[in-house]
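**Q** With the input below, show me the fold.
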Amino acid sequence: MKFLVVGAGAVGGYFGGRLLEKGEDVTFLVRYKRQEQLLDHGLMLESVNGNFKTQPKMVVEGEEGEFDVVLIGTKAYHLEQAVEAVKPFVHKNTVIIPMLNGISHVDMLKKAFSEEQVIGGLCFIESTVTEDGIIKQTSSAHHFTFGELNGEYTDRVKRIEDAFQGANAKVKVSDNILQEMWHKYLFITTMSGVTTLYGQPVGPIRELKEGSEIVKGLFNEIAAIMRAEGAPIADDIERVQYERFMEIEGTMKSSMQRDMEKHAAVEADHLQGYLLTKACRHQLETPILKNIYVNLKLYENHR
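**A** The predicted model follows:
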């Protein structure tokens, strides 16, 4: 299969690199600045799971080609531009798999392409790109999950699964990808929210009784919004994810926190802002979420 990875950053660059390491046919759709960086230094992964370096194939906006699978690993604030850039590389049988956080991008992709072309995807990874273009992955988690939105195990899903088989990453097919995407949305919005609000990794926050109470309260607020929206989340997902938060590596930071530390853009409106809009529509009080959103918007207004 021919893979096109949109973006060679912390997510797309990592999983695309692992596919390349395995020997699959992978091309990266990149901006000119990133293209120059990769031409000069190659695609470099520095990971607790093993380092890898290669000179990847690349295309830029305005070129053309056809690919079987498109992995969209950009940030939400680059998605509209990425969609336009990728259109010349998509044919009627191309499969589009988003790797973004959140949920609102699914409908956007269906409108930009077609409902049949888009399947669900999510990843759990703590990674960042340094100023010199190295993708650094600092904790052991490197999970990528995908699947048909209707839960079927189709031939195309099997072919993609086969392509990832043996790659240095934990990849699985889900028969309930929408639920998993909502669950990831709940977890990452909570984790990114508290780590950016307090400027700390998860360990110091949960060590304080008051900190763990804030985390639990935020899980409850967000889950209430999702249920009001009719999201397919599990009955006890707040408890499950709170327990998970209390068990993950204490040094872990959210990608949003790492972006703030680099004075980069953040996905405040795509994650926290989207949920606040839904909370307002359902007349739900969400004081912790609102406080986190204010902090993020103040950062955006003054960075």
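**Q** Restricting to C-alpha, output the one helix or strand residue 227 maps to in CSV.
**A** Residue 227 is part of helix 209-228 when elements are defined by DSSP states H and E. The C-alpha trace of helix 209-228 is given here as CSV (Å, rounded to 0.1, in the frame of the first residue of the first chain):
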residue,chain,number,x,y,z
LYS,A,209,-5.3,16.1,47.5
GLU,A,210,-6.8,19.3,46.0
GLY,A,211,-5.1,18.5,42.7
SER,A,212,-6.5,15.1,42.4
GLU,A,213,-10.0,16.5,43.3
ILE,A,214,-9.7,19.0,40.4
VAL,A,215,-8.8,16.2,38.0
LYS,A,216,-11.8,14.1,39.1
GLY,A,217,-14.1,17.1,38.9
LEU,A,218,-12.9,17.9,35.4
PHE,A,219,-13.5,14.3,34.2
ASN,A,220,-17.0,14.5,35.6
GLU,A,221,-17.7,17.9,33.9
ILE,A,222,-16.6,16.7,30.5
ALA,A,223,-18.3,13.4,30.7
ALA,A,224,-21.6,15.2,31.6
ILE,A,225,-21.2,17.3,28.4
MET,A,226,-20.6,14.3,26.3
ARG,A,227,-23.6,12.4,27.6
ALA,A,228,-25.8,15.4,27.0
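**Q** Can you name the residues in contact with that helix?
**A** Outside helix 209-228, the residues that touch it by Cβ atoms under 8 Å, 6 or more residues apart in numbering are 182, 185-186, 189-190, 193-194, 198, 204-206, 233, 237-238, 241-242, 245-246, 275, 278-279, 282, 284, 286-289, 292. C-beta coordinates here come from the backbone N, C-alpha and C atoms, glycine included.
**Q** out of the residues you listed, which are buried?
**A** By neighbour count, with 16 or more other Cβ atoms under 10 Å, these hold 182, 185-186, 189-190, 193-194, 198, 205-206, 233, 237-238, 241-242, 245, 275, 278-279, 284, 286, 288-289, 292 as buried.
**Q** Narrow the residues you listed to those in helices?
**A** 182, 185-186, 189-190, 193-194, 198, 205-206, 237-238, 241-242, 245, 275, 278-279, 288-289, 292 (DSSP state H).
**Q** which intervals of the stretch 151-300 of the chain have sub-threshold pLDDT?
**A** Along the stretch 151-300 of the chain, no part satisfies pLDDT under 70.
**Q** go again using 90 as the cut-off
**A** Across the stretch 151-300 of the chain, the ranges flagged by pLDDT under 90 are 249, 255.
**Q** can you map out the strands along this structure?
**A** 2-6, 25-29, 43-47, 52-54, 57-59, 69-72, 95-98, 120-129, 135-147, 170-173 (DSSP state E).
**Q** Out of the ones you listed, flag the one nearest residue 85.
**A** strand 25-29 (6.2 Å; Cβ to Cβ).
**Q** tell me which residues in the closest one are buried?
**A** Applying 16+ other Cβ under 10 Å to strand 25-29 flags 26-29 as buried.
**Q** Over to stretch 157-170?
**A** 157, 160, 163-164, 167, 169-170.
**Q** now these as a markdown table including distance to residue 68?
**A** Shown next, in a markdown table, are the buried residues of stretch 157-170 (distance: Cβ to Cβ, whole Å):
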| residue | distance to residue 68 |
| --- | --- |
| 157 | 12 |
| 160 | 9 |
| 163 | 9 |
| 164 | 13 |
| 167 | 16 |
| 169 | 19 |
| 170 | 22 |
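**Q** Give me the subset of the residues you listed lying in helices.
**A** Those of those lying in helices (DSSP H): 157, 160, 163-164.
**Q** Surely residue 24 touches residue 1?
**A** Yes. Under the criterion of Cβ atoms under 8 Å, residue 24 makes contact with residue 1 at 7.2 Å.
**Q** Show me whatever sits in contact with both of these two.
**A** residue 163.
**Q** which residues touch residue 165?
**A** residue 171.
**Q** where's it relative to residue 96, distance?
**A** 21 Å (Cβ to Cβ, to the nearest Å).
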